[in-house]
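K.L.:
Sequence first, predicted model second:
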Amino acid sequence: MSVLSEAAITLFVLLLFTGGTESSIDSCPASLTRNQFLQEFGDYCFQFIHVEKTWVDARKDCNHRGGDLVQVVDLDFQKFILNTLREVLHWDRHGVWIGATDHDVEQKWMWVTGQVLNWTNWMPGEGPQHTGGFLFAPSHESEDCAQIRLDDTLGRWHDYRCSGVGVHYSYICQYFKPVSTGQATAPIGNGQTTGSATYPPHIPTSGIDMTTNQQIVQTSRPVTSESVKFSTEHLAMSVLQGITLGSKRLQNDEKADD
């Protein structure tokens, strides 16, 4: 097989693979404004909101947009957030709300999705280690909501009051990338359907709505894109095998002619 043929096959397969796992903001929900404040990482899209609100109002805004406050689930995620804020957007706010709270059960910190915090980046004495101040204060004064502090070199997390005077900060909304289906589909759980893309639900799997104090229960599970990725990869491998077989036959024919 000629060098040109090998290069063509390699390029073709790369295009197929990358087409199945989009990595640009083009794969973000169509309703989101395309600008420097919209970023993507893994299976999610993020809006970095410069306007300052309380945690409660920030979450309301994210929900209204079709997402929720960001869940920083591991070190890579934390690095992405800090790099975007500092190096890409040159953020000039010191505090950035994230979707962690212990409003339901004091000292039991959960993500807004209802998941426990398996990885954290708390400042010593903050979060579960909080030892003073508002620990036994009335609920409206408790420091039940988390934020990343950019005036901390390591971007560690601090707990603050969720609402009230003097606790207005910027925030980050997180969204699932739409799962392409190729045709219009009915909503899944509380998911939204727009054209040929289904958006997984964003409402927490459990928790308390702090605006109404009502229990929220959501049992549906987000749709993943694994099946879409598998189909694309399987197609790529099939095409590669077909091209390789055709090239071998062509080589054999050329040898026979010689």
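P.N.:
Thanks, I have the structure now. Numbering: from 1, shown residues only.
K.L.:
so the nearest residue to C28 once chain neighbours are set aside bridges to which residues?
P.N.:
Of all residues not flanking C28 in the chain, C45 sits nearest, at 3.7 Å (C-beta to C-beta, 6 or more residues apart in numbering). Heads up, the C-betas are built off the backbone N, CA and C, glycines and all. Judged by DSSP bridges, the bridge partners of C45 are E40, Y175.
K.L.:
just the one 4 residues further on next, same as before
P.N.:
When bridges are called by DSSP bridges, I49 pairs up with Y171.
K.L.:
what's the burial count for the residue lying closest to E52 once chain neighbours are set aside?
P.N.:
In space, and not counting its chain neighbours, E52 is closest to H168: 4.1 Å by C-beta to C-beta, 6+ apart. When neighbours are counted by other C-beta atoms under 10 Å, H168 registers 18.
K.L.:
So for H168, what's the pLDDT?
P.N.:
What the model reports as pLDDT for H168 is 98.
K.L.:
residues contacting it?
P.N.:
Neighbouring residues of H168 by C-beta atoms under 8 Å, 6 or more residues apart in numbering: 52-54.
K.L.:
and if you look at S27?
P.N.:
40, 45, 177-178.
K.L.:
at 6 Å instead, please
P.N.:
The neighbours of S27, taking C-beta atoms under 6 Å, 6 or more residues apart in numbering as the test, are K177.
K.L.:
Could you pull up phi and psi at it?
P.N.:
Main-chain torsions, S27, degrees, to the nearest 10: phi -90, psi 0.
K.L.:
Which secondary structure element is home to V51?
P.N.:
Using DSSP states H and E, V51 sits in strand 44-53.
K.L.:
Which parts of that strand count as buried, going by neighbours?
P.N.:
Buried residues in strand 44-53, counted by 16 or more other C-beta atoms under 10 Å: 44-49, 52-53.
K.L.:
if I look at the residue nearest to C28, how far off is L32?
P.N.:
In this view, C45 and L32 are 7 Å apart by C-beta to C-beta, to the nearest Å.
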